[in-house]
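Enquirer: fold the following, please.
(chains A, B and C)
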Amino acid sequence: MSELITDTSPSPSGVSDEVGERSSKAGALLRSLRTGAPVLPFLAYISLGLILPTIAIINLAFRSNAGKLTLANIKVILCTSNSPSCMQYRIGFENSLKLALVTSIVPGILGTFVAYAIATSKHELFKRLTAACSGVLAQFGGVNLAFMFIASFAAVGGVATHWLADIGLNPWNHGFDLYKFWGVAFVYMYFQVPLMILIITPAFAGLKESWREAASGLGASSWRYWRHVGLPVLAPAVLGGMFLLFGSGFSAYATAEALTTGTIAITPIQIGAILNGNVLSGEANLAYALGFAMIVILLISVIGYALLRRRSSRWLR
Amino acid sequence: MDTQVPTTSSVSGSTPQTGAPVVLENLTRRFGTTKALDGFTLHIEPGEFVALLGPSGCGKTTALRVLAGFERPDIGKVVVDGQDVVHIPAQKRDMGMVFQSYSLFPNMSARDNVAFGLQLRHQRGTQRRTRAEELLALVGLAEHSAKYPHQLSGGQQQRVALARALAIEPRVLLLDEPLSALDAKVRAELRDQIRALQQRLMITTVFVTHDQEEALSMADRVCVMSRGRAEQIATPAELYSKPSTEFVAQFVGISSRVGVVRTGDTVSLFGRDVTIRGAAPEGAQSLDALLRPEDVDVVVNPTGLGIITHKSFLGATTRLEVGIGGAAVKADILSSGADVFELGTRVDLVANARDVLVSAPRPAT
Amino acid sequence: MASLGLGEALEGDQDFMDQYSRGNPSAPWIKRVRWGRGIALFLAAVYFIVPFYAAMQFCLQNVNGGFSLAAFKEVGEAPGFYSALWLSTQLAIATMAIVLLLMVPTMIYVHLRLPRFRRVMEVITILPIVIPPIVLIVGVDGVAPLWLKSSQYLLAVVYVVLAMPYVYRSLDAGLGALDLKTLVEAARSLGSGWVSIIWRVLIPNMRSALLSASVLTLALVFGEFTIASLDGWTTIPVWIYLTPTTNPRINTLVAMMALFGTCVVLGLVVSLDRSRRNSRRS
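Expert: Numbering: from 1, shown residues only, chains lettered A, B, ... in the order given. Here you go, the predicted model:
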């Protein structure tokens, strides 16, 4: 540990210098404790505010209401029987996965295309503007976003619905329902696409023009360049982005809640229902199991993102 | 007229290939208000190694890119092997190009990179691999063929890039400052290797650089460029000893300026009459002579007009700087005889050149 | 879970723009791409602008379809609006205070003497993605002491955890731009004590990073719904959701103002970020 600042206070092990190795080891330990001391408040806060609740979740997921160790809660999610009470949680979980998948793949691809369209623009100002916009839009979400879409696309009174009806295209007549699964997915795109744009834009920066020119000089057409070089190099970044989007779509609560008033069957909403007390008693510990399941899925998605990012940054640096 | 990408299979690089003759004629290219190329013309013989040398912004890279097809000239022709290729896109021009850095495809091994051009020409897998291995052996990287670019050093990457460019048996080989991003020792090694390879394969080669040592040591002819035009196109020796313009004299090698008076075709240089080389500014009587350090001898003379102001040991030679008549003249002498000269020693200068380049006097600062 | 590396992404964007703006307008492949580009951008623009515009129109039109600012007055008269606003404000201030007091000294210390700990901090600040608010609240409810649970400041305590990734990134970037060691050594050699160094030397030099961090925290608190609603506190987002929709214009207007506020606030962050980087370049 380099001494960047000279320490003027007396060393705590100064007294025991004559005593030998054991006390100098203790001295070293004490010294490193003192070096680490200032970060203790931070660590303590994280432990209490984040780690402790997480441990509680992991612990209580495996305990019955009486406190005994059990797999019953977890079994509910992987429900194999047909009892409606456990089926609903399994269906909720499946719906959540489905929603996350849809809102990671589609916005992932769309976001990549839009990011490419922006990246190849010649106008500096435009690029700066869209970069700032993406940053802002990716933070949109929750109640505010839901209400914005309700005001625009509600079946009755939605302004945009009205405009579309005026030109003879009412989406509600064709099966569109803002308050069901696909409506929620539609709204999620509003922050998922910008998130993807933010993630993938640096990857386009890493796509060197010299590769394009080298390929061209060797005789490759545009299509062949993308097929052999461009897309393979971008693929880890795009996939990584989709993993991140998956996590984002999977864990979102507020938007779905506000949009569907809690009627859509996805895991975050179901956890919310349990916490609000709208469920049968005895299912309270299910919230922990559901939370634990979510953590597992999210852990996988974050690890996937990290691994792909490492690969992509090796090539795109 | 072959505008298709050739699909021939190939023999190993031991058979000499002949490059194509290249003519860049009157190329002009504007970027906004600046002229990157201003009526640039250059004729290249088949199999010749030509270096484009100049400071940044002189247009050398633009000229190369126009030849490659990555830029279109506003005016002018690019004739390769008798065919005007200006309207042919880069991918059909059949030229091998080596970029300054980072041009290897990161998702492919060295072997696959080299084989890429062959893959595009639909060569069969085993054939491609063999050829790629041959080329990698040619550049000395046989054991590294399975490595990926990020596992190779800068010098190795450039050698793979060279092999990749040669794989397609191009008519012309283009190199855009390929050694600039490498460190000195690697640069020197690679310089020799590239030159040796080129001479063996006899490909017409155009090499862009801002480093005069590179250009002078590698090329058959050097084209010194400035502001979009060719200042002088000559062999390295000629360029060095007979610079035809002030720019070349100052850019290539070291030169000193001395004020001289002209009489007819000669100028009086340190008491001797020396012929003017090439053209002199019209009508002017007072001119500046541009001298190389070896054009001048230094003689100790306690009543001499010159005084030694600097002395640098350069190895076999020692460079003296002599202040004389308001000018600072650099003179190289053999180090074995340098002991008599110290700072402050009074000396005479004697011109030993047969002719001298002159230019208009620089306004006094 | 929203954008993680706002600054990070912008960094890459800058290099990218430098590269592409070298300008190769004559490359044939770029010309071909232009058409598809235009269409993609147009469709994207439509998707993002239409709902915003439509919702604004929804709020600002009266029964006859004309422009009207009546909705603003209605918001002011709506029951519970001001107390929700006050609650959100208190929480925002509390959260900002706690998170800055916690993070600023810690990060200064880490940058100065424990650079290896930065890695740990980076990992820690990724955790909130793995444990999103909806999950975190379950755990917090399970372990929080009763006295804390009955106070609204439980929210502030949890919000600090949620804000940490953004605050960490902002401060990390801001501290990274300073020559921290030199500044501190210079101040120490002049006899300055630690508090004085932090207050008079470091903080003034971290102004834009601090502002970014504060502003991001503010946006977070004013937008946070999950934890507030599930713990039963009526902050602005909860108020928007729970207010009976006899007049949906009210809820929607407040939501739109919140979104608009987010835009302004983040635009501020982005421009601060850019000016910091520009000054670093010169």
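Enquirer: so B:Lys311 sits in a helix?
Expert: No: going by DSSP: H, G, I helix; E, B strand; the rest coil, the assignment for B:Lys311 is strand, not a helix.
Enquirer: could you report the separation of it from chain C?
Expert: Distance of B:Lys311 to chain C, computed by Cβ to the nearest Cβ, to the nearest Å: 40 Å. No exception for glycine: its C-beta is placed from N, CA and C like everyone else's.
Enquirer: work out for me the element the closest residue to that residue other than its chain neighbours sits within.
Expert: Nearest residue to B:Lys311 in three dimensions, chain neighbours excluded: B:Leu320, at 5.5 Å (Cβ to Cβ, 6 or more residues apart in numbering or on different chains). B:Leu320 belongs to strand B:317-324 when assigned by DSSP states H and E.
Enquirer: same deal with B:Met225?
Expert: Here B:Met225 is assigned to strand B:221-226, by DSSP H and E.
Enquirer: same deal with B:Leu37?
Expert: Under the assignment here (DSSP H and E), B:Leu37 is part of strand B:34-44.
Enquirer: what's the answer for B:Glu25, then?
Expert: strand B:22-31.
Enquirer: so for that strand, what's the average pLDDT?
Expert: The average of the pLDDT scores along strand B:22-31 is 90.
Enquirer: centre of the chain versus stretch C:210-220, how much separation?
Expert: In this view, stretch C:210-220 has its centroid 5 Å away from the chain centroid, taken as Cα atoms, centre = their mean, to the nearest Å.
Enquirer: for that stretch, buried residues please.
Expert: C:Leu210, C:Ser212, C:Ala213, C:Ser214, C:Val215, C:Leu216, C:Thr217, C:Leu218, C:Ala219, C:Leu220 (16 or more other Cβ atoms under 10 Å in any protein chain shown).
Enquirer: Throw those into TSV and include pLDDT, thanks.
Expert: As requested, the buried residues of stretch C:210-220 are arranged in TSV below (pLDDT from 0 to 100):
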residue	pLDDT
C:Leu210	90
C:Ser212	85
C:Ala213	89
C:Ser214	89
C:Val215	85
C:Leu216	85
C:Thr217	89
C:Leu218	88
C:Ala219	86
C:Leu220	88
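Enquirer: closest one of those residues to chain B?
Expert: C:Ser212 (32.9 Å; Cβ to the nearest Cβ).
Enquirer: got the contact list for that closest one?
Expert: For C:Ser212, the contacting residues are C:Ser170, C:Gly174, C:Val269, C:Leu272, C:Asp273, by Cβ atoms under 8 Å, 6 or more residues apart in numbering or on different chains.
Enquirer: Three-state assignment for B:Val208, please.
Expert: Applying three-state DSSP: B:Val208 is strand.
Enquirer: for it, which residues are in contact?
Expert: B:Ala51, B:Leu52, B:Lys60, B:Thr61, B:Ala63, B:Leu64, B:Leu175, B:Asp176, B:Glu177.
Enquirer: one step back: and the strand holding B:Leu320, C-alpha only, in PDB?
Expert: Provided in PDB are the C-alpha atoms of strand B:317-324 (Å, rounded to 0.1, in the frame of the first residue of the first chain):
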ATOM      1  CA  THR B 317      30.900  12.200 -38.600                       C
ATOM      2  CA  THR B 318      30.700  15.300 -36.500                       C
ATOM      3  CA  ARG B 319      28.400  18.100 -37.300                       C
ATOM      4  CA  LEU B 320      29.600  21.600 -36.800                       C
ATOM      5  CA  GLU B 321      27.400  24.700 -37.000                       C
ATOM      6  CA  VAL B 322      29.300  27.700 -38.200                       C
ATOM      7  CA  GLY B 323      28.000  31.300 -37.800                       C
ATOM      8  CA  ILE B 324      29.200  33.300 -40.800                       C
END
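Enquirer: for the strand holding B:Met225, which strands pair with it and how are they oriented?
Expert: In the sheet, strand B:221-226 lines up against strand B:49-53 (parallel), strand B:229-234 (antiparallel) (DSSP bridges).
Enquirer: what's the helix or strand for the residue nearest to B:Ser256 when sequence neighbours are not counted?
Expert: In space, and not counting its chain neighbours, B:Ser256 is closest to B:Val329: 4.4 Å by Cβ to Cβ, 6+ apart. Assigned by DSSP H and E, B:Val329 belongs to strand B:327-334.
Enquirer: now the angle from the helix or strand following that strand to strand B:327-334?
Expert: Next in sequence after strand B:327-334, counting helices and strands by DSSP H and E, comes strand B:346-351. Taking axes from the mean of the first three to the mean of the last three Cα atoms, to 10 degrees, strand B:346-351 and strand B:327-334 form an angle of 80 degrees between their directions.
Enquirer: which helices and strands does strand B:346-351 pack with?
Expert: strand B:272-276, strand B:296-300, strand B:306-313, strand B:317-324 (3 or more Cβ pairs under 8 Å, 6 or more residues apart in numbering or on different chains; DSSP states H and E).
Enquirer: with distance to A:Leu207, mean pLDDT and mean neighbour count as new columns, can these be given to me in a markdown table?
Expert: Below are the helices and strands packed on strand B:346-351 laid out as a markdown table (distance: least, Cβ to Cβ, whole Å; pLDDT from 0 to 100; neighbours: other Cβ atoms under 10 Å in any protein chain shown):
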| stretch | distance to A:Leu207 | mean pLDDT | mean neighbour count |
| --- | --- | --- | --- |
| strand B:272-276 | 56 | 86 | 15 |
| strand B:296-300 | 55 | 89 | 17 |
| strand B:306-313 | 48 | 91 | 15 |
| strand B:317-324 | 48 | 90 | 19 |
